[in-house]
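Novice: Okay, sequence plus prediction incoming.
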Amino acid sequence: MISENRSNQIQKKLLLWFQKNGRHHLPWRKSFSAYEVLVSEFMLQQTTVKTIIPRFQKWMELFPSIETLADASEERVLSAWQGLGYYARARRLHALSKIVQEKYAGVLPNNLEKLLALPGIGPYSANAILAFAFDQPVEVLDTNIIRILVRLNNIRERIDTKRGRSLLQEAARSLRPVEKGRSFTSALMDLGATICKALDPQCKSCPLSSECTAEDPLTLPYQEPRLAVIKKSEQRAFYYRKNKVYLERSEGPHWRGLWILPRSSTPQDSSTMTASLLYPITRYRVTMELYSLRGPIPPSLHPFAEEELKSIAIPSPHRRALNLLLKKDHSSEKTPKKNSLWNK
Ligand code: SF4
């Protein structure tokens, strides 16, 4: 699909552009240590670079090596993962660190087969680790890179079809360099993130414009229409007594093992709602209705002093809800008694 000559031209231009314009400041690109690359790859699954940067830095302070991560408790790991969502990733990363510590003396293997046998590592992550940590010239097909390959080659097939996938793989193979896997993959990703953007391709500033055959880049890649977003609501109970908040440990399917506000055991009248907030999860957009309840506290709930809330693992929507409720409660304390929100 891409002739050798064209492929060489693209690689040369791309690497030149990357030297000056790459995102060299990303914290996981400072040393490209295998552990840092591994953590960044786990965090980057379904989370944006901007969200990750401060959390990645904090993570490295808490768990600077595979060994420290393997030795940490699950509670501590989940707590450090807060704000990144999809907590199953944190659990898998933790499980992986224990295996690497025990089986490979803390050194991540640089071999595709061994990487694929580890928890949480699929073909994409394995290739990304081989490229970034071990500088191997492998094909890494993330969303940004797929978009560039499709546009460069004007692939007008849907890439979730057999033919589309095969054209994409052919394009990736013919562009793969024989060395500098790390710089080449980073360059493609950065070009996709900053120039060949999904909704705003900057073709005039693109170093590959003379090599690109895209006829109408904005329409590429062709995609399956998105699934419709489903709206739903849930009622959560807030029990607050003597400066303690009562939470339950989630048993899943979302946020298993994390502390959350319990569901209200009986339907509440929405006119008595204390507060509400919206949050997205998978294809749902959920309205969380919050009710301060006065009745007896279910025995399955666990009390936490306000200071303790900072150090336990609470998923973002529930932490937002707690902040909102506690703020309301504290402001009501300063106003006359008739505005008091709950019985303490
Ligand atoms: S020329 Fe435009 S469509 Fe082609 S790779 Fe560059 S930014 Fe993307």
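Specialist: That came through, no problem.
Novice: need the contact list for residue 119.
Specialist: 92, 95-96, 99 (Cβ atoms under 8 Å, 6 or more residues apart in numbering). C-betas here are computed from N, CA, C, even on glycine.
Novice: Can you give me the distance of it to residue 93?
Specialist: Separation of residue 119 from residue 93 (Cβ to Cβ, to the nearest Å): 8 Å.
Novice: With residue 298 instead?
Specialist: 33 Å.
Novice: Which one of the two is surrounded by more residues?
Specialist: residue 93 (24 against 13; other Cβ atoms under 10 Å).
Novice: Name the residues that touch the helix or strand where the more buried one lies?
Specialist: For residue 93, the host element (DSSP states H and E) is helix 88-104. When contacts are defined by Cβ under 8 Å, 6+ apart, helix 88-104 is touched by residues 38-39, 42-43, 45, 66-67, 69-70, 72, 74, 77-78, 80-81, 84, 106-109, 118-121, 256-257.
Novice: Generate a ChimeraX selection restricted to the buried entries among those residues.
Specialist: Selecting only the buried entries of the contacts of helix 88-104 in ChimeraX, with 16 or more other Cβ atoms under 10 Å as the criterion:
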select :38,39,42,43,66,69,70,72,77,78,80,81,84,106,108,109,118,120,121
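Novice: In helices only, show me the contacts of helix 88-104.
Specialist: Using DSSP state H, 38-39, 42-43, 66-67, 69-70, 74, 77-78, 80 are the members of the contacts of helix 88-104 that sit in helices.
Novice: need those in CSV with distance to residue 283 and pLDDT, can you?
Specialist: Putting the ones in helices among the contacts of helix 88-104 into CSV (distance: Cβ to Cβ, whole Å; pLDDT from 0 to 100) gives the following:
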residue, distance to residue 283, pLDDT
38, 29, 98
39, 28, 98
42, 23, 97
43, 22, 96
66, 35, 97
67, 39, 97
69, 32, 98
70, 35, 98
74, 28, 94
77, 27, 96
78, 24, 94
80, 28, 94
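Novice: And for the residue nearest to residue 249 when sequence neighbours are not counted, the neighbour number?
Specialist: What sits nearest to residue 249 in space, not counting adjacent residues and going by Cβ to Cβ, 6 or more residues apart in numbering, is residue 259, at 6.1 Å. The local packing of residue 259 (other Cβ under 10 Å) involves 25 other residues.
Novice: wait, doesn't residue 259 sit right on residue 303?
Specialist: No. At 11.2 Å, residue 259 does not count as touching residue 303 under the criterion of Cβ atoms under 8 Å.
Novice: Out of the ones in helices among the contacts of helix 88-104, which comes closest to residue 272?
Specialist: residue 78 (32.9 Å; Cβ to Cβ).
Novice: Could you pull up the residues touching the closest one?
Specialist: Counting by Cβ under 8 Å, 6+ apart, residue 78 has contacts 87, 90-91, 257-258, 313.
Novice: For the closest residue to it other than its chain neighbours, pull up the helix or strand it's in.
Specialist: Leaving aside its sequence neighbours, residue 78 sits nearest to residue 313 (Cβ to Cβ, 6+ apart; 3.7 Å). For residue 313, there is no host helix or strand (DSSP H and E).
Novice: Give me the pLDDT for residue 313.
Specialist: At residue 313, the model reports a pLDDT of 92.
Novice: residue contacts, it?
Specialist: Going by Cβ under 8 Å, 6+ apart, the list of residues near residue 313 reads 75, 78-79, 81-82, 87, 257-259.
Novice: Residue 158 - how many residues pack around it?
Specialist: 13.
Novice: Now do the same for the closest residue to it other than its chain neighbours: its pLDDT.
Specialist: Closest residue in space to residue 158, ignoring its immediate chain neighbours: residue 222 at 4.5 Å, by Cβ to Cβ, 6+ apart. With respect to pLDDT, residue 222 has a value of 89.
Novice: Repeat that for residue 339.
Specialist: So, for residue 339, pLDDT stands at 43.
Novice: phi, psi of the residue positioned nearest the centre of the chain?
Specialist: Using Cα atoms, centre = their mean, the residue of the chain that lies closest to the mean C-alpha position is residue 47, 2.6 Å off. With angles defined as degrees, to the nearest 10, residue 47 sits at phi -140, psi 150.
Novice: Tell me which residues touch it, please.
Specialist: 84-86 are the contacts of residue 47 under Cβ under 8 Å, 6+ apart.
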